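Participant: take a look and give me a structure for this.
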Amino acid sequence: MNRSSAPPRALPAIAHRWPTLLGLSFATLSLLDFEDGRSLGFVVFLAALIYLGTAVLGKPGTVWALFVISTVAWVALDKLGIDPWPSLIGGAISLIVLGLAGGLLRQPLLTAAQVPGMLVFGGAAVLALTLSPQTGGFLVAAALIGHGVQDVLVWRAKQVVARSMAEFCMVLDFLLGAGILVLSL
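Facilitator: Numbering: from 1, shown residues only. The predicted model follows:
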């Protein structure tokens, strides 16, 4: 095989990093119409909710279905003019109760950590809505970066969610967190 007929090696490498590219795309689109960091609090809330739901189910592969369902529900409620926060908070409370009743806290550390993670990251997103735009934005940025750290741990341990979701979420969380910080100054 001569050099000109060899398949390009960059394409398989790029295809292998599709979660990174997807996270980069979502972050870019989210920051293009940036007005207030608080408005991106739903991202960290959904991330924590999806991770918690996956932990409760005990099936890491279900994470992408939960991602699609929750994202479509968020967009649909928003387009219908219905405040999605009561549904999100109700869903989080339900999953916490199910997780506690099902013994989630007796699972491996990263899996059990999804209950306090939901409380911390979700609580920060909700609290941010009550604060000034800059302070609330900084809180959302901190929550996103904190969840990004969790994504790294989950990705390295190959636990809780599919690795592709951890990679996607890690890129999205870190970029959105940093973007909010930069655009809020």
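Participant: and the helices in this structure?
Facilitator: 10-16, 18-32, 41-57, 63-79, 85-101, 109-112, 114-117, 123-128, 133-157, 163-184 (DSSP state H).
Participant: could you give the angle of the fourth one to helix 163-184?
Facilitator: Orientation note: helix 63-79 sits at an angle of 40 degrees relative to helix 163-184 (axes from the mean of the first three to the mean of the last three C-alpha atoms, to 10 degrees).
Participant: for helix 63-79, name the packing helices and strands.
Facilitator: Helix 63-79 sits against helix 41-57, helix 85-101, helix 163-184, with contacts defined as 3 or more C-beta pairs under 8 Å, 6 or more residues apart in numbering; DSSP states H and E. In this view, the C-beta of every residue, glycine as well, is placed from N, C-alpha and C.
Participant: 7 Å instead?
Facilitator: Helices and strands touching helix 63-79, by 3 or more C-beta pairs under 7 Å, 6 or more residues apart in numbering; DSSP states H and E, are helix 41-57, helix 163-184.
Participant: and the residue positioned nearest the centre of the chain, how far is that from Gln134?
Facilitator: In the chain, the residue lying closest to the centroid (C-alpha atoms, centre = their mean) is Ala47, at 2.8 Å. The gap separating Ala47 from Gln134 is 22 Å, by C-beta to C-beta, to the nearest Å.
Participant: with Ala157 instead?
Facilitator: With C-beta to C-beta as the criterion, Ala157 and Gln134 are 35 Å apart.
Participant: what do you get for Phe42?
Facilitator: 18 Å.
Participant: ok so, going back, so the residue nearest to the centre of the chain touches His147, yeah?
Facilitator: Yes - in this structure, Ala47 is within contact of His147 by C-beta atoms under 7 Å, at 5.4 Å.
Participant: pull up the overlap in contacts between these two.
Facilitator: Contact criterion C-beta atoms under 7 Å, 6 or more residues apart in numbering; residues shared by Ala47 and His147: Asp173.
Participant: hmm, back to that, so which of the helices of the chain is the most packed in?
Facilitator: Mean neighbour count (mean count of other C-beta atoms under 10 Å) peaks for helix 41-57 among these, with a mean of 26.
Participant: how about residues contacting that helix?
Facilitator: So helix 41-57 is contacted by 60, 62-63, 66-67, 70, 74, 88, 91-92, 95, 98-99, 102, 104, 111, 114-115, 117-118, 121-122, 124-125, 128-129, 140, 143-144, 147, 160-161, 169, 173, 176 (C-beta under 7 Å, 6+ apart).
Participant: again, only using 6 Å
Facilitator: Residues lying outside helix 41-57 but in contact with it, judged by C-beta atoms under 6 Å, 6 or more residues apart in numbering, are 62-63, 66-67, 70, 88, 92, 95, 98-99, 111, 114, 117-118, 121-122, 125, 128, 140, 143-144, 147, 160-161, 169.
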